[in-house]
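[1] mind folding the following:
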Amino acid sequence: MSGEGPASGCKPWSLAHPATTLMHPSPIHQPIRAFIIRSRARHSAAQSHARDASGVPTPLLLWSVVMDRRAFVGGSLAALASWPWTSASAQRCPREDWLPTGAPSGREPTDPEVLSDQERSHVPVLTLPRHVHLGRPFDLVVQIGLRPHEMSAAHHIDWIEVSLDDHRVTVIDLTPDVPYPIVRVPIVVHAAGTLIARARCNQHGVWMTRRALAIG
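    Predicted structure coming up:
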């Protein structure tokens, strides 16, 4: 999600096209309406002289129905082809300062034992078991800031990412509608490695915490 997302009204992971209603027919609805209108007129005329004495439809009426259905299907397919479909990924807001591959990077505390005020409010804090077992899931809790970072329209956390070494496990987009930048992520590991949590502040950039996993 972009840092400019909340300010610009861009909603993360949302489709751009609103729901179409029949009050304003779309290209997809137009063949349906045309099919209904054309069918009523043609069938009304055909029924007056296309039934035999027993009232059974003759081949003329049946052929009229078949042709109308073919026209309807053809028109619908043409409308579908011309409809401006857009994939969900193409409509997502751009995520500032994030790449799906490569070594994670970000600001880290100069001295983890003595944090500045800015570091105290931005450093990711990790909560996980003292020892983890290979192949056994565990819960990781990531909180941004020793006290949770504020989530206002002017100053907020855009996203939180969790990685194992260079492999992205997950990334969660946030908006100011989320009151606290705290996430819980179930994880399973199959080899020793380094757990990395990153978060982006819309004013102060990307911050990162590393933790070597202790395998029990």
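[2] what are the ranges of the strands in the protein?
    Along the chain, counting by DSSP state E, strands occupy 124-127, 138-144, 157-164, 167-173, 182-187, 194-201, 205-212.
[3] residue ranges with poor pLDDT in this protein?
    Across the chain, the ranges flagged by pLDDT under 70 are 1-93.
[4] domain map for this structure?
    Domain assignment for the chain by automatic domain parsing gives 29-85, 94-212.
[5] picking up where we left off before, for residue 105, which of the strands of the chain is the nearest?
    Comparing the strands of the chain against residue 105 with CB to CB, the closest turns out to be strand 205-212 (7.0 Å). For glycine as for every other residue, the C-beta is placed from the backbone atoms N, C-alpha and C.
[6] so which elements touch that closest one?
    Counting contacts by 3 or more CB pairs under 8 Å, 6 or more residues apart in numbering; DSSP states H and E, strand 205-212 packs against strand 124-127, strand 194-201.
[7] pull out the buried residues from it.
    By 16 or more other CB atoms under 10 Å, the buried positions in strand 205-212 come out as 206, 207, 208, 209, 210.
[8] same thing with stretch 174-189?
    The neighbour-count check on stretch 174-189 (16+ other CB under 10 Å) flags 174, 175, 176, 181, 182, 183, 185, 187, 189 as buried.
[9] which of the residues you listed lies closest to residue 120?
    Using CB to CB, the buried residues of stretch 174-189 come closest to residue 120 at residue 181, 14.0 Å.
[10] measure the closest one to residue 109 for me?
    17 Å (CB to CB, to the nearest Å).
[11] break down this protein into its helices, ranges please.
    5-8, 29-47, 59-82, 88-91, 117-122 (DSSP state H).
[12] wait, residue 188 sits on residue 140?
    No: applying CB atoms under 8 Å as the test, residue 188 and residue 140 come out as separate, 10.7 Å apart.
[13] apart from its chain neighbours, what residue comes closest to residue 127?
    residue 141 (4.1 Å; CB to CB, 6 or more residues apart in numbering).
[14] repeat for residue 107
    Nearest residue to residue 107 in three dimensions, chain neighbours excluded: residue 207, at 5.1 Å (CB to CB, 6+ apart).
[15] quick one, what contacts that neighbour?
    106, 107, 108, 122, 123, 124, 144, 198, 199, 200, 201 (CB atoms under 8 Å, 6 or more residues apart in numbering).
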